[in-house]
Structure formats: C-alpha cells, structure tokens
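[1] Next one to model:
(chains A and B, ligands or ions: 1)
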Amino acid sequence: MSTVTADDLRARVGELLAAHPPASTDRLEFLRARFDAGLAWVHYPEGLGGLGAPRELQNVVDAELAKAGAPDNNPRRIGIGLGMAAPTILRFGTDEQKHRYLRPLWTGEEVWCQLFSEPGAGSDLAALGTRAVRDGDEWVVDGQKVWTSVAHIARFGILVTRTDPDVPKHQGMTYFICDMTDPGVEVRPLRQLTGEAEFNEVFLSGVRIPDDNRLGAVGEGWKVAQTTLMNERVAIGGNAMPREGGLIGMVTRTWRERPELRTPELHDRLLKLWVEAEAARLAGQRLRQQLAVGAPGPEGSAMKLAFAKLQQALTGLEVELSGEDGLRYDDWTLRRPEKVDMLGRGPGYRYLRAKGNSIEGGTSEVLRNIISERVLGLPSEPRVDKDVAWKDLPR
Amino acid sequence: MSDLLYSEVEEDLRASVRDLLTDRAGFTSVLARTESAEPYDLKLWRTLAGDLGLAGLAVPESLGGQGASYREVAVVLEELGRSVAPVPFLGSAVLATTALLAAGDRELVPRLAGGELIGALAVPLTSAPESGFPDGVSANTEGALSGAVRAVVDAPVADVLIVPAAGPDGAGLYAVEQTAATVSDVVSLDLTRRLADVSFDNASSRLLASGAEAESALRQALRAGAGLLASEQVGLAQRCLDETVAYLKQRYQFGRPVGSFQALKHRLADLYLELVSARATARHAADALATGDDEVPVAVAVAAATCSAVALHAAEESVQLHGGIGMTWEHSAHLYLKRAKSDELALGTPGRHRAALAGLVDLPPA
Ligand SMILES: Cc1cc2nc3c(=O)[nH]c(=O)nc-3n(C[C@H](O)[C@H](O)[C@H](O)COP(=O)(O)OP(=O)(O)OC[C@H]3O[C@@H](n4cnc5c(N)ncnc54)[C@H](O)[C@@H]3O)c2cc1C
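    Numbering: from 1, shown residues only, chains lettered A, B, ... in the order given. Model prediction:
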C-alpha cells in the first residue's frame, strides 16, 4: 500500500521546480525531469514516471505545476499513447519495453497510433485478418488497417494481428509494437466529413517486426487488446473537467454573450444539457475515484457512451443556436491535423466531428451491448462465431 | 379533407425527375462539384427548368408556367432532397417565384418560370414565415437600395434579387439585378446549397409591391418555402433510410449481417415510423399550399416542425450506422447530414414553428 501523501507530492514538485525553473528550462528537458521525478503519472511505478501513489493525487501535482507556469505534455495530441498504449505496455510489457517506450511516450517525443481496425473488422475487432507469420526472431506482417488516427505523425503503433487462422478468432491473435518508420509501412490520408484527414489507411506489406516487440504471449493478443480498449473508453469518457468545462462552456458563453439568439425553447434545452453535463462531470469524478482503488471496469464504457451523447447534443444545439452563422462552415480545405481541435474551430466543425465520438473507440451500440451483458448480466445474443475457426467465419 | 396521396401524374413526374437525377446528379459527381469552381450544375438546372419546365410548375400557364400546383413542386423537392442535387430550385423556383407571384408581377415570373432567369429572395435562409418584415435594407424615394442581408440562398447564381426593404412609405418589395449588388459567397455547412451575403449601396431597383401587399408576398413566399422544404426533408430522410437499410443487410460483423441485431432493427423501424408521419405532414402542407386554404399556417408549422427533425434524425442515424465509413468524405452520408442540419435552420427551426403553432392553435406559453 502506498504511503505517498498530497504533502509529499507538493514537496517533490517544489524540488522539481527549484532544480528546473520553468522560465529558464527547455520544455522537453523539463518534461523529462518531471518524468524522472515520478511526477508524470503518480500512480505509475517508481522509475516509470510515477511513485505508486493514488491516481487522484495527480490533480495535486497538475495544479501545483500549472500554478508555477510549468509546460505540460499537451496530452490531446498524444492521447492514444497516454490513454491506450501506456497502460497496455505497463501491464503486458517486459521491463525493457517499459523503460524503452514510456518516457518518450509521456513527454510526447514519440507519438503513438492504434493499428486495430480493418476494413472488415471494426466493431468485431476479433475478426481482423492482418497476418503475422513467424520467421526466426522476427514476424512478417501483411494486411491493411483503416481509420488510424494520427498515423501520419506516429512513431509507433500498437498493432493486433492474426497469427493462427485455424483456431476461433479470439484465440489466434498476437499483439505487437510496430515501428511506423519500418520498410513496408505505408500511411495514406483518409479524409473525413469535417474536411480534414485526421485518420489514415495504413498498408502493411512484408513489415518485419522483431519478436522483442511483442506484447504478451503468442495467441494472447485478444487479452492484451482488451486492456487497451478498456483504457481507451476511460480515456475518452473519463476526462477531468471543471464545471462548464469543454463544450458546455462554449455554448453557455454564446448564450450569455448573444441575448438576441435566445428563445424559451432553446433555454429549456440548454438548461437540460447543463444539468446533464454537470451530472456527467460528477459521474466521471466518481469513476476516477473508483479507479484510484482498482482497475477500470465496464463502467468506463458507460462514461464513454454518456460523453458521446452529450457532445452530440451540445454541438447540435450550438449550431441551431448560432442562427445564420450556423449555416456557415469555417474551412473545408483538406488539412492533416495533429490533434482534434474541438474548441479551436467553429460550431459546424464541432457538430460534425462530434459524430465520431459515438463511433471511435467502440460504437455506442457496442458499448450498450457491453453494458447490458457485462454490467447488467443479460444473456448475450446467439453467437455464430464463437467456436468456428477464423478462416471459416461468414463475412 | 386534404388529399395526402400521390396522384398518378405526380408519380410519373417523380419517375422522370429521378431518372434524370440518377443520371446527372450521382453522388460522386455532386461531391466532385462541391470542390470545383462550379459547385452548382447549371446545365442540369437548365434541363430541369427549361426542358422539363419544373421551375414553372406552380406558375399559371398565362404566366408561362405549367399550371400545376405546389403538390407537384413538393414531389420535385422530394427527389431533389433524395439526391442533394446542386441546383437553385429552392431559391428561384420556390422562394423568389412565390414572392413575385404574390406581388402580382407579370414580367419576371415568366422568365423565372421558363428557366431564362434565376431569382433569389434576399432574406437570410433562416427566416421563419412569422419573423416579420426585415429592416436591414432600406429604399429611398428614387428606389435606390442600401443595406445588407446575410446568408441568402442561391444568390451567387441569381440574375435577379427580390429584396424586402424598408421604403419611404413602409414595407416594400423590390427587384434588383444581381450585378447591382455586392454578392459574396459564403462557405456553407451544406456543401450542396450555396449561400451569399448580399449588400446594396444605392442599387437601383424596381418596386414590385408595397405596404401590406409586400408584407403578404414575403410571408407567402416564406410559408411556401417552409411548407415545401418539408418535402425535400422527406426525400432526404427516405434516401438515408434506404441506404442504411441496404448497408446493414450487407455489412457483416460478428459473423452475421449487422442488420440482424435487434437493437439496430428497432431503430430503423422507429425511423420508418417517423418517416410515415413526416410524409403525411409534408403532403398535407403541400396540399394546403396548393389549394390555398385557411389550413396553410397550421399545416406548414406542423410539417416544418416534424420533417426537419425526422430528416436530421435519419441523416444522423445514417452516419452512425455506417460506422467509420460514415465518417469519411468518400461516403455520401455526410452530404445528407450537412443538408439535413442546414435544413433544420432553414426557414424556421422546429422550435420556432412550434412557437408559431402555439399562437395558431391557441396554446399560449405559460
Ligand atoms: C474519428 C475516428 C477515429 C478512429 N480512430 C481509430 C484508430 O486510431 N485506430 C483504430 O484502430 N480504429 C479507429 N477508428 C475505428 C473505430 O474503432 C471503428 O470505426 C469502430 O470500432 C466501428 O467499426 P466499423 O466502423 O467497422 O463499424 P461496423 O462494425 O461495421 O458497425 C456498423 C454499425 O453497426 C453497429 N453494430 C455493429 N455490431 C453491432 C452489434 N453487435 N450490435 C448492435 N450494433 C452493432 C455499429 O455500432 C455501427 O453503428 C476510428 C473511427 C473514427 C470514426
């Protein structure tokens, strides 16, 4: 049991700031020093950016550092690394892997992407067909991934492959770390309805991955992927936000500043959404408190679902509330963004981008299935794919 | 009792419009156009307006039209909504033409009806029928107009603008040549419908109607617009439902067609129910507008409040149920989503139509 207290952390932050005054320290140097001081993610083990402290105490560190004007690690840009790759590496990685990958991942020096979905395997991730065939100390990978966010700036990808097509689908998968600079990795932009190409198609042809880059045992890829997915949902849905943080803040500001747009009906809807946002914020807080004492459970799915609903309702209302401006768009030019800029663009962009919130990281429909089956314990739908070898599945 | 069905003539009309649009306004060409120098297909427009006479469907034959009614116009709009065809039908054939007819014009109507000229009604596309006479543009005693209007539908391709303006003796409706105004294209959310901000600086005009006549002409145009837009929304919703059903039959996940999951079946069944109601309200509005009876204001408010929401719901479901593919530029779902969201704001949001209804049926707010 950890004995680290809030006061210990404040003292450590003080030492860090004294040794590396933010005003005169290079941003990256500061972030590395912060990692080495165990103040990156305090609930991680010592030596890996943490102190084995309760997760909630991170807030203490973040607040102190923000007060001192210290640089942060711009977590939105590297959300996949922080939210998904890191917890998976922590749980399944070897000591060597943990020491090699976690620090540059946390500082943002190395961006990560998630090479899971394929044209024929989205919700049914376990149906994927990208092949990895063993060749001595290496694996040779061939296949195609799709909708891969930020692959165009990623240094590494977490990759799930099929290593045994002759067993049922959940048993024949293996999980790797893929170096995106390796020969045979080709990233092509895929434009989305916002006009941007935020995600990509990734073609893997004859990519050679050393066995050292395997995460978990051969054939255990599904188990490893489950950890990633569970953490993904928490990462998407479990954000710590102040009251009126995020989109609800955006909409309430418009409401306060533009009285000419107000109608009684919109007022009623806005207040309902305000309450919903506040309730979601509190539920997220409660979830994080639960996490502090255990692993993420299926409740994370509920938060992700609630988040998507709220984002979509708010952005839809915002466009309506914008009147003539709601008919406009800021810019349709094709761009290759490095992060999702929900607050930096116009209402039309927010409305369209929010449509992805109920698809990315597991669709709302699939999350409802998970809640009904794993939380509520309802019987699952008849499965036709359970005991069939992957290669014999109907598609 | 209003006739809520489609006549044989209407079904024939639908078939010929659909054939033409299938040929000439397929998704890939519509999408390609949105990024080209010519986002509207004016050649297609000339075929629709000139060769098929659709711009003058509801215009009396004595004024160069087909002498049909808004019922037929509504059917055309269903098909245009179904293919999100990039043509200025709403702005020219519905809004401008109705305003001109109501103002008793005999000069411009025949030219608009024949497709020789394109017209636009210079009000923001968000204007609801009850929104009152706008005062952003004013006219002096010589009829020179000054002022500005934002988000005017189809103005970028219009030859003539029909402008409600505050004249020396109150409300006035004026005709202005587009070249006499400053027309700046707007980047619209709806990639297939063009908008412009329009301003006038001592632009010379011709007075079409004044006072109560001008006010009534504007209201009639907006009412017809809102009532008929409902049919565009029905066509759009139907297309989204059809496409989604087809996709879910063919997309396999978990070893079975995704459409075999009851959770999705029920959602699509619900959408179908919504569409059944929406179509009835849209038909009712079109029929009321055709016969010009007392029922018009209520019928329009009910149709507009219903169909906006149904079209948007259908488009949103279509994106969601297509999964990652629905989020991509290459799939058609987004064009429908953008049209549906813009249509929700166009000619009065559902909320504003419900508020108007409250007055019409005597259910005042608390
Ligand atoms: C913006 C965005 C970013 C993304 N980024 C990444 C990324 O970085 N890496 C990555 O690997 N993937 C990424 N994805 C892909 C995403 O994970 C998949 O799109 C998602 O899992 C859904 O899969 P699909 O698109 O194949 O939809 P499908 O599985 O084909 O689903 C189609 C529809 O059927 C529904 N459905 C499917 N199965 C069921 C069921 N059993 N019961 C009820 N309904 C069901 C779905 O909910 C959906 O509405 C991204 C997607 C988006 C939109």
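[2] just the strands in the stretch 251-366 of chain B please.
    Taking DSSP state E, counting those that start in this stretch as the test, the strands found in the stretch 251-366 of chain B are B:252-253, B:256-257.
[3] ok, and the closest non-adjacent residue to residue A:88?
    residue A:228 (4.7 Å; Cβ to Cβ, 6 or more residues apart in numbering or on different chains). Any C-beta I mention is one placed from the backbone N, CA and C, and that applies to glycine too.
[4] send the alpha carbons of the helix or strand where that neighbour lies over as CSV?
    Element membership of residue A:228, judged by DSSP states H and E, is helix A:221-237. Provided in CSV are the C-alpha atoms of helix A:221-237 (Å, rounded to 0.1, in the frame of the first residue of the first chain):
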residue,chain,number,x,y,z
GLY,A,221,-3.5,-10.8,-28.4
TRP,A,222,-7.1,-10.5,-27.6
LYS,A,223,-6.5,-10.4,-23.9
VAL,A,224,-3.9,-7.6,-24.4
ALA,A,225,-6.3,-5.7,-26.7
GLN,A,226,-9.0,-5.9,-24.1
THR,A,227,-6.8,-3.9,-21.7
THR,A,228,-6.2,-1.3,-24.4
LEU,A,229,-9.9,-1.0,-25.2
MET,A,230,-11.0,-0.7,-21.6
ASN,A,231,-8.5,2.0,-21.1
GLU,A,232,-9.5,3.7,-24.3
ARG,A,233,-13.0,4.1,-23.1
VAL,A,234,-12.0,5.5,-19.8
ALA,A,235,-9.5,7.9,-21.6
ILE,A,236,-12.3,9.1,-23.8
GLY,A,237,-15.1,9.3,-21.3
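[5] For residue 128, list the residues it contacts.
    You didn't say which chain, so I picked chain A. Residue A:128 makes contact with A:116, A:117, A:118, A:120, A:121, A:143, A:160, A:161, A:162, A:173 under the criterion Cβ atoms under 8 Å, 6 or more residues apart in numbering or on different chains.
[6] Chain B is the one I meant
    Contacts of residue B:128 by Cβ under 8 Å, 6+ apart are B:222, B:226, B:347, B:348, B:349, B:352, B:353, B:356.
[7] Get me the contact residues on chain A for the ligand.
    Within chain A, the residues that sit near the ligand (Cβ under 6 Å from any ligand atom) are A:113-114, A:116-117, A:122-123, A:147-149, A:199, A:356, A:359-360, A:362-363, A:365-366, A:369.
[8] Take the residues you listed and keep only those in helices.
    A:365, A:366, A:369 (DSSP state H).
[9] Now do the same for the residue lying closest to the second one once chain neighbours are set aside: its pLDDT.
    Read it as residue A:366. Once flanking residues are discounted, residue A:366 sits nearest to residue A:123: 4.9 Å by Cβ to Cβ, 6+ apart. Taken from the predicted model, the pLDDT recorded for residue A:123 is 97.
[10] Residue B:302 too?
    Per the predicted model, pLDDT is 98 at residue B:302.
[11] what does residue A:383 give?
    Value for residue A:383, per-residue pLDDT: 88.
[12] Go ahead and confirm it touches residue B:254.
    Yes - under the criterion of Cβ atoms under 8 Å, residue A:383 makes contact with residue B:254 at 7.2 Å.
[13] Compare the two (neighbour count), which wins?
    The residue with more neighbours, out of residue A:383 and residue B:254, is residue B:254; 22 against 11, by other Cβ atoms under 10 Å in any protein chain shown.
[14] Hmm, that one is touching residue A:123, no?
    Yes - taking Cβ under 8 Å as the definition, residue B:254 is a contact partner of residue A:123 at 7.4 Å.
[15] okay, and the common contacts of residue A:383 and residue B:254?
    Common neighbours of residue A:383 and residue B:254, using Cβ under 8 Å, 6+ apart, do not exist here.
[16] before we move on, back to that, with distance to residue A:190 and mean neighbour count added, can I get the strands of the stretch 251-366 of chain B in TSV?
    Supplementary listing: the strands of the stretch 251-366 of chain B in TSV, determined by distance: least, Cβ to Cβ, whole Å; neighbours: other Cβ atoms under 10 Å in any protein chain shown:
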stretch	distance to residue A:190	mean neighbour count
strand B:252-253	20	18
strand B:256-257	25	18
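[17] Dump those into CSV; add mean pLDDT and distance to the ligand as well.
    Listed next are these as CSV, based on pLDDT from 0 to 100; distance: least, Cβ to the nearest ligand atom, whole Å:
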stretch, mean pLDDT, distance to the ligand
strand B:252-253, 96, 4
strand B:256-257, 96, 9
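[18] so can I have CSV of these showing distance to residue A:203?
    Output for the strands of the stretch 251-366 of chain B, formatted as CSV (distance: least, Cβ to Cβ, whole Å):
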stretch, distance to residue A:203
strand B:252-253, 22
strand B:256-257, 28
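[19] who wins for proximity to chain A among these?
    When the strands of the stretch 251-366 of chain B are compared by Cβ to the nearest Cβ, strand B:252-253 sits nearest chain A, at 3.8 Å.
[20] The closest one pairs with which strands, parallel or anti?
    strand B:256-257 (antiparallel) (DSSP bridges).
[21] Can you name the residues in contact with the strand it pairs with?
    Counting by Cβ under 8 Å, 6+ apart, A:384, A:385, A:394, B:248, B:249, B:250, B:251 sit against strand B:256-257.
[22] Surely the residue nearest to residue A:366 and residue A:362 touch.
    Yes - using Cβ under 8 Å, residue A:123 is in contact with residue A:362, at 7.5 Å.
[23] so where do the helices sit in the chain?
    Unless you meant another one, I'm taking chain A. With DSSP H as the criterion, chain A has helices spanning A:6-19, A:27-36, A:58-67, A:79-80, A:86-92, A:95-107, A:221-237, A:247-257, A:264-292, A:299-321, A:347-354, A:364-370.
[24] wait, chain B
    B:8-24, B:27-34, B:42-46, B:70-83, B:97-102, B:108-113, B:211-250, B:262-291, B:296-321, B:333-345, B:350-360.
[25] could I get the ones you listed as TSV with distance to the ligand and mean neighbour count?
    TSV is the format used below for the helices of chain B (distance: least, Cβ to the nearest ligand atom, whole Å; neighbours: other Cβ atoms under 10 Å in any protein chain shown):
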stretch	distance to the ligand	mean neighbour count
helix B:8-24	26	15
helix B:27-34	19	16
helix B:42-46	33	16
helix B:70-83	23	26
helix B:97-102	41	27
helix B:108-113	44	24
helix B:211-250	7	23
helix B:262-291	5	19
helix B:296-321	4	26
helix B:333-345	12	25
helix B:350-360	25	18
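[26] Any chance of CSV for those, columns distance to residue A:84?
    Output for those, formatted as CSV (distance: least, Cβ to Cβ, whole Å):
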stretch, distance to residue A:84
helix B:8-24, 44
helix B:27-34, 33
helix B:42-46, 47
helix B:70-83, 41
helix B:97-102, 56
helix B:108-113, 58
helix B:211-250, 28
helix B:262-291, 26
helix B:296-321, 23
helix B:333-345, 27
helix B:350-360, 39
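[27] Can you get me a residue count around the residue nearest to residue A:88?
    Residue A:228 has 24 nearby residues by other Cβ under 10 Å.
[28] go on, residue B:132?
    Using other Cβ under 10 Å: residue B:132 sits among 12 other residues.
[29] What residue in chain B comes nearest to the ligand?
    Closest contact between chain B and the ligand, by Cβ to the nearest ligand atom, is at residue B:323 (2.4 Å).
[30] meant to ask about chain A, not that
    For chain A, Cβ to the nearest ligand atom, closest residue to the ligand: residue A:122, 1.8 Å.
[31] So which bits of the helix holding residue A:228 are buried?
    A:221-222, A:224-225, A:227-237 (16 or more other Cβ atoms under 10 Å in any protein chain shown).
[32] Quick check, residue A:54 in contact with residue A:41.
    No - between residue A:54 and residue A:41 there is no contact under Cβ under 8 Å: 11.8 Å.
[33] Looking at the two, which is more packed in?
    Under the neighbour definition other Cβ under 10 Å, residue A:54 and residue A:41 were set side by side, and residue A:41 has more, 22 against 18.
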